[in-house]
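In: The amino acid sequence is not available; the structure is as follows:
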């Protein structure tokens, strides 16, 4: 399942990435395989989204979220 | 002033780095440029407890040594290049204690470069509140570096930090973090040998970043490139492996350093509660527009008083100097050229200071990232970015500080488009021009009971400017090529109270930069304009002198009137007047005559000069503030050939369209150059805006004629 498919408030564990370039940036920001991630809220217009990961809040676009595969 | 010790301050964004920098250096700081790049360099001095002077350099906030924006790329350059004048003897890494894990990534990278490091642990109170216990001694022991808990906001722990700086080792004693060599063993050893690098991680970073490092020679660059190919080095794969290894190390370190408090009930954070309202589907936008309206109002109403004060001060200064200095061309140059130009710059300080106070409050509290979050989707559609909202709003006050604030946009294309369209937004300098022209041709009466026709016309001009900015942005989106893939991965920091000291410092610094940068250009242009408007070809001027000294000509007129007529005649025959006549054929299709031509030329430096020039040309005793009398003169102005009024509805509308689009602002040109460091961009901007202005004017005039 992709992170972009997760519903608000639900948690997931990051498994892997589909895009190498994006994964390098996401991992630096604390989105690592094995890390718990949850969707906090969606922007009023439906994109981007805000997630909780590694103890802080991160916002990313849905397209970027779709490169994160959950366990 | 020479420093005994050079200290670099680095850390993630939103960790309180600038606050710590301000606490350490006070007003003892200066902003410059790193040679060759646009990145601002903030340095300051701090006197240590033993009396030595430490130079503190504030490096841009970054999450890792692998740069994502132009600002960030300077960090590795400064840390790596030993011949760089800012190469530090010591690095202070500031960490957000409530989020140690992500913050330590940058530390482990810096540590592996083997530069002496001190850790400053900020926001301990926030960590405690969220139920975290941090064993500082254990952290220090495990990493092998001094760890100093501080509160930058409350200025606590600063003495201890200064002590740590004073006692810091000259040699890096920190423990190794990860096995760097294993990431690319052969490549690292070859680079170490051939480029003469001692440090493994430095060698690896050279492999990753060599294309962007100014201190490498072209030969070294080529050599590294060849070595990379030989050892089939894949930069991104290596980076991914490295990041995972680093986080493994960090997890091991933090495992017994950070513990969760027992019986700590996890309750919803206050930040989350605020977000539920501020980023709400409906209220989110309502609140955002309410805040915008408030800022917009404040910029206009709060600045009115200080602006008048500055104007009066200059009027007073000019009149005093007029009395004390001997009359002559030098005095005239000083008063009508330099001081007039200077007052034109300084009068905008209140607006700039207020705008920047609001922007820094919005940024400090964390609200700005929420606005970005909410607006990203709309802005992306027209080639902008969520972060473009801030400069566009600021554009209503003044494009100059707004263009300076585009630096927060990482994506090159998004930032360029924002810079290119910001000057289209109706700024405060257009206000006097619109006011004059609208009151000239739009009747002052109400429609539908409560709407004033003139007010509606003004509002239409504001709306029109937003629409044109959006349309032009869309066109640039299609033309400009992206240099990098656009993405939007951004931290949403926890809400905090604004730090008033920071707000004050930002106001002070931005105003100072504005005065110095824009001031130079404005003064130069106003001197040139003064010369052109005061002097003309010798023969013509002599003829005028003769004409007015002739008693039969001046006989029945009062001395004042003679002076006025003479000034008008002189202006027409000055170089500026000749220029006005020269460009008349070009602007005639827009409905303008040579007098408007002069105003167009003089207001190239600043739009508001239009009113003053109109006043001079229609000989209103030099007092540009008497709008009524300028208006009367303009209303009565007749075309000498046809005898019809010059300022018809069509001409006034055409003029307003011209001012809506034309880039008549030397300060903006200067600041666009400063921000892009290439003349290409201000030239393109000037060209496209002039073409649009001409076209819009032409169409308007011919439709309404």
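Out: Right, received. Where do you want to start? The structure displayed is predicted, hence computed values, not measured ones.
In: make it CA atoms for all contacts and neighbour counts henceforth
Out: Noted.
In: now residue B:155, nearest residue through space, not along the chain?
Out: Nearest residue to residue B:155, sequence neighbours excluded (C-alpha to C-alpha, 6 or more residues apart in numbering or on different chains): residue B:23, at 6.6 Å.
In: Give the burial count for the one you found, as a bare number.
Out: Residue neighbour count, defined by other C-alpha atoms under 10 Å in any protein chain shown, stands at 19 for residue B:23.
In: Looks like it contacts residue B:156 (just checking).
Out: No - the pair residue B:23 and residue B:156 fails to qualify as a contact (C-alpha atoms under 8 Å) at a distance of 9.8 Å.
In: Tell me how far residue B:86 lies from chain A.
Out: Distance of residue B:86 to chain A, given as C-alpha to the nearest C-alpha, to the nearest Å: 26 Å.
In: Name the residues of chain A found near chain B, please.
Out: Contacts of chain A with chain B, taken as C-alpha under 8 Å from any C-alpha of the partner chain, map to A:20-21, A:23-24, A:26-30, A:32, A:43-45, A:47-48, A:50, A:54-61, A:64.
In: What are the buried residues along the longest helix along chain A?
Out: The helix spanning the most residues in chain A, taking DSSP state H as the definition, is helix A:20-28. Of all the residues in helix A:20-28, those buried under the rule 16 or more other C-alpha atoms under 10 Å in any protein chain shown are A:22-28.
In: Quickly name whichever of these is closest to chain B.
Out: The closest of the buried residues of helix A:20-28 to chain B turns out to be residue A:24 (C-alpha to the nearest C-alpha; 5.3 Å).
In: Report the contact partners of the closest one.
Out: By C-alpha atoms under 8 Å, 6 or more residues apart in numbering or on different chains, the residues touching residue A:24 are B:236, B:239-240, B:243.
In: One more pass at 6 Å, please.
Out: Each residue near residue A:24 by C-alpha atoms under 6 Å, 6 or more residues apart in numbering or on different chains is listed here: residue B:240.
In: Show the model's pLDDT score for it.
Out: If you check residue A:24, the pLDDT there is 90.
In: ok, it to residue B:312 distance?
Out: Applying C-alpha to C-alpha, to the nearest Å, the value for residue A:24 to residue B:312 is 58 Å.
In: Residue B:561 now?
Out: Residue B:561 sits 27 Å away from residue B:312, going by C-alpha to C-alpha.
In: Pull up the residues of the stretch 401-550 of chain B that are close to chain A.
Out: Neighbours of chain A within the stretch 401-550 of chain B, by C-alpha under 6 Å from any C-alpha of the partner chain: B:488-492.
In: State the pLDDT value of residue B:265.
Out: As predicted, residue B:265 sits at a pLDDT of 60.
In: Tell me how many other residues surround residue A:2.
Out: With other C-alpha under 10 Å as criterion, residue A:2 counts 18.
In: In JSON lines, list the buried residues of helix A:20-28 along with distance to residue B:523.
Out: Listed next are the buried residues of helix A:20-28 as JSON lines, based on distance: C-alpha to C-alpha, whole Å:
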{"residue": "A:22", "distance to residue B:523": "48"}
{"residue": "A:23", "distance to residue B:523": "51"}
{"residue": "A:24", "distance to residue B:523": "49"}
{"residue": "A:25", "distance to residue B:523": "46"}
{"residue": "A:26", "distance to residue B:523": "48"}
{"residue": "A:27", "distance to residue B:523": "50"}
{"residue": "A:28", "distance to residue B:523": "47"}
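In: that older thread, outside of the helix or strand just after the longest helix of chain A, which residues touch it?
Out: Elements were assigned by DSSP states H and E; along the chain past helix A:20-28, the next helix or strand is strand A:36-42. Identification of contacts with strand A:36-42 by C-alpha under 6 Å, 6+ apart yields A:8-13, A:49-53.
In: and what of stretch B:224-232?
Out: Here stretch B:224-232 has no contacts from other residues, using C-alpha under 6 Å, 6+ apart.
In: So what's the model's average confidence on it?
Out: Mean per-residue pLDDT for stretch B:224-232: 88.
In: And stretch B:536-549, by the same measure?
Out: 80.
In: ok now that stretch, how far from the chain's centre?
Out: Here stretch B:536-549 is found 47 Å from its chain centre; the criterion is C-alpha atoms, centre = their mean, to the nearest Å.
In: For ChimeraX, write a command that selects the buried ones of the contacts of strand A:36-42.
Out: Buried members of these can be picked out in ChimeraX with the line below, counting by 16+ other C-alpha under 10 Å:
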select /A:11,12,13,49,50,51,52,53
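In: Now, the contacts of strand A:36-42 that are in strands?
Out: A:11-13, A:49-53 (DSSP state E).
In: by contact count, what packs against the helix or strand harbouring residue B:596?
Out: According to DSSP H and E, residue B:596 maps onto helix B:594-602. Packing partners of helix B:594-602 (3 or more C-alpha pairs under 6 Å, 6 or more residues apart in numbering or on different chains; DSSP states H and E): helix B:575-587.
In: Contacts for the helix it packs on, please.
Out: By C-alpha under 6 Å, 6+ apart, the residues outside helix B:575-587 that reach it are B:532-533, B:536, B:571, B:593-594, B:597-598.
In: For these, which entry has the maximal number of neighbours?
Out: Neighbour counts for the contacts of helix B:575-587, by other C-alpha under 10 Å, peak at residue B:598, which reaches 27 neighbours.
In: quick check: mean pLDDT across stretch B:489-497?
Out: Here stretch B:489-497 scores 88 as its mean pLDDT.
In: List, one by one, the residues from the stretch 101-250 of chain B near chain A.
Out: With C-alpha under 6 Å from any C-alpha as the criterion, the stretch 101-250 of chain B meets chain A at residues B:102, B:240.
In: Look up phi and psi at residue B:605.
Out: Backbone torsions of residue B:605, given as degrees, to the nearest 10, read phi -70, psi -40.
In: Roughly how far does residue B:274 sit from residue B:495?
Out: From residue B:274 over to residue B:495 the distance is 8 Å, taken as C-alpha to C-alpha.
In: These two - which one has more neighbours?
Out: Per other C-alpha under 10 Å, whichever of residue B:274 and residue B:495 has more neighbours is residue B:495, with 16 against 13.
In: Report the contact partners of the more buried one.
Out: The contact partners of residue B:495, taken as C-alpha under 6 Å, 6+ apart, are B:271, B:365-366.
In: ok, it to chain A distance?
Out: 11 Å.
In: just residue B:349 next, same as before
Out: 35 Å.
In: now that residue: how far from residue B:604?
Out: Distance, residue B:349 to residue B:604, using C-alpha to C-alpha: 20 Å.
In: Those two: which has the busier surroundings?
Out: Between residue B:349 and residue B:604, residue B:349 has the larger neighbour count (other C-alpha under 10 Å), namely 22 against 18.
In: Excluding residues flanking it in the chain, which one is nearest that one?
Out: residue B:511 (6.1 Å).
In: Could you give the number of residues near that neighbour?
Out: 22.
In: what's the burial count for the nearest residue to residue A:11 once chain neighbours are set aside?
Out: Take residue A:11 and drop its neighbours on the chain: the residue closest to it by C-alpha to C-alpha, 6+ apart is residue A:38, 4.3 Å away. As a burial measure, residue A:38 scores 19 neighbours (other C-alpha under 10 Å).
In: and residue A:38, bridged to which residues?
Out: With DSSP bridges as the criterion, residue A:38 is bridged to residue A:11, residue A:52.
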